[in-house]
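Participant: Predicted model follows, preceded by the sequence.
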Amino acid sequence: MTKKEKNIISIIPAFVFIGLAVGIQTKNIFLHTAIGFFAGILVYFFFKNKK
């Protein structure tokens, strides 16, 4: 179970990098990176609370 918990935390940087990639393509890096960060946090808490 602890290994699964450690893998869930890697969702946040994944969403940040996806937001960064979209931001580079649309030339609005900071907005899409911030959106990716908040989406990663929401998904993290969703999966953490789901047992």
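Facilitator: All right, it came through fine. Numbering: from 1, shown residues only.
Participant: got the residue ranges for the helices in the protein?
Facilitator: 2-8, 11-26, 29-49 (DSSP state H).
Participant: Throw those helices into a markdown table and include mean neighbour count and mean pLDDT, thanks.
Facilitator: All C-beta atoms are positioned from the backbone trio N, CA, C, and that covers glycine. As requested, these are exported to a markdown table (neighbours: other Cβ atoms under 10 Å; pLDDT from 0 to 100):
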| stretch | mean neighbour count | mean pLDDT |
| --- | --- | --- |
| helix 2-8 | 9 | 67 |
| helix 11-26 | 16 | 92 |
| helix 29-49 | 15 | 92 |
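Participant: Enumerate every residue touching the closest residue to Gly23 other than its chain neighbours.
Facilitator: Excluding its sequence neighbours, the residue lying closest to Gly23 (Cβ to Cβ, 6 or more residues apart in numbering) is His32, at 3.4 Å. Taking Cβ atoms under 8 Å, 6 or more residues apart in numbering, we find His32 in contact with Gly19, Leu20, Val22, Gly23, Thr26.
Participant: Return the distance of the closest residue to Ile29 other than its chain neighbours relative to Lys48.
Facilitator: Closest residue to Ile29 apart from its sequence neighbours, by Cβ to Cβ, 6+ apart: Gly23 at 3.8 Å. Distance, Gly23 to Lys48, using Cβ to Cβ, to the nearest Å: 26 Å.
Participant: Could you do Ile29 as well?
Facilitator: 28 Å.
Participant: about what we covered before: with distance to Phe38 as added columns, please give the contacts of His32 in a markdown table.
Facilitator: Converted to a markdown table, those look like this (distance: Cβ to Cβ, whole Å):
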| residue | distance to Phe38 |
| --- | --- |
| Gly19 | 9 |
| Leu20 | 14 |
| Val22 | 14 |
| Gly23 | 14 |
| Thr26 | 17 |
